[in-house]
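Participant: fold the stuff below for me.
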Amino acid sequence: MRWTVYILECADGSLYTGITTNLFLRIKAHETGKGARYTHGRGPFRLVYQALHENRAEASKREMAIKSLSRIKKLELIATFQQGKNHIID
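Facilitator: Modelled structure (predicted):
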């Protein structure tokens, strides 16, 4: 089973980072208020980043690394992803 690390941009401009094995269903859960507490009432959402990982441990590690970044670094990561380039978290 592959895991996806993802970043959503919320309607208020904030960023939410999470992991899942089914990105489509997880975003749907966020949109219906059944996702993470943080995203409740912050929709609609825009998927701005995603990365596949072989297992939950790798995905969780990546998620925590992203969550520890400053907002500016997260925006740089998103921009790099959207340009189709690989990026290593500093």
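Participant: thinking E31 is in contact with R42, fair?
Facilitator: No. Using C-beta atoms under 8 Å, E31 makes no contact with R42, being 10.2 Å away. (C-beta placed from N, C-alpha, C; glycine too.)
Participant: neighbour count winner among the two?
Facilitator: R42 (19 against 14; other C-beta atoms under 10 Å).
Participant: wait, the more buried one touches G13, no?
Facilitator: No. In this structure, R42 is not within contact of G13 by C-beta under 8 Å, at 9.6 Å.
Participant: what sits against A51?
Facilitator: T4, V5, Y6, R62, F81 (C-beta atoms under 8 Å, 6 or more residues apart in numbering).
Participant: the first one - nearest residue in space that isn't next to it in sequence?
Facilitator: Read that as T4. Sequence neighbours aside, L23 is the residue nearest to T4 in space, at 4.9 Å (criterion: C-beta to C-beta, 6 or more residues apart in numbering).
Participant: ok, that neighbour - contacts?
Facilitator: T4, Y6, L47, Q50.
Participant: what's the pLDDT at it?
Facilitator: Looking at L23, its pLDDT reads 96.
Participant: same check, this time on the one 4 residues further on
Facilitator: You'll see I27 listed with a pLDDT of 96.
Participant: any idea how far S68 is from it?
Facilitator: According to C-beta to C-beta, to the nearest Å, I27 and S68 sit 23 Å apart.
Participant: the contacts of L23: which two are farthest apart?
Facilitator: Pairwise distances across the contacts of L23 (C-beta to C-beta) peak at 10.0 Å, for the pair T4 and L47.
Participant: ok, the two, which is more surrounded?
Facilitator: Neighbours were counted for T4 and for L47 using other C-beta under 10 Å; T4 has more, 18 against 12.
Participant: beta partners for that one?
Facilitator: Beta-bridge partners recorded for T4 (DSSP bridges): T20, L52.
Participant: need the three-state assignment for the nearest residue in space to F81 that is not next to it in sequence.
Facilitator: Counting by C-beta to C-beta, 6+ apart, F81 lies nearest to Y49, which is 4.8 Å off, once chain neighbours are set aside. Three-state assignment for Y49 (DSSP: H, G, I helix; E, B strand; the rest coil): strand.
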